[in-house]
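*Asks:* Prediction below, plus the sequence it came from.
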Amino acid sequence: MGKMQGALNSIKNKLAKRNDALEVMMMALKKETMAIKRVLAHVHGRSSCLCYFWGLRK
């Protein structure tokens, strides 16, 4: 039973590390998306339908 628990703990730790890495990547993608939205809003001006599409204007 000890070997089985050790194997399960090892898998759990690997999955936790992978999850942490995925969360960091998602945060980076969200920041990049926000930056792109800001640039597009600036380039296309306030009257652009893209601002409405991406929710930049309410």
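*Replies:* Arrived safely. Residues are numbered from 1 along each chain as shown.
*Asks:* Please, which helix or strand holds the most centrally placed residue in the chain?
*Replies:* In the chain, the residue lying closest to the centroid (Cα atoms, centre = their mean) is Met26, at 1.9 Å. Using DSSP states H and E, Met26 falls within helix 2-44.
*Asks:* any weak-confidence spans in the chain?
*Replies:* 44-58 (pLDDT under 70).
*Asks:* and if we set it to 80?
*Replies:* 1, 41-58 (pLDDT under 80).
*Asks:* quick check, distance from the helix holding Met26 to the centre of its chain.
*Replies:* 6 Å (Cα atoms, centre = their mean, to the nearest Å).
*Asks:* Check which helices and strands that helix sits against.
*Replies:* Contacts defined by 3 or more Cβ pairs under 8 Å, 6 or more residues apart in numbering; DSSP states H and E place helix 2-44 against helix 49-53. Bear in mind the C-beta positions are built from the backbone N, C-alpha and C, glycine included.
*Asks:* so how far is Thr33 from Lys12?
*Replies:* 31 Å (Cβ to Cβ, to the nearest Å).
*Asks:* correction: Ala7
*Replies:* 39 Å.
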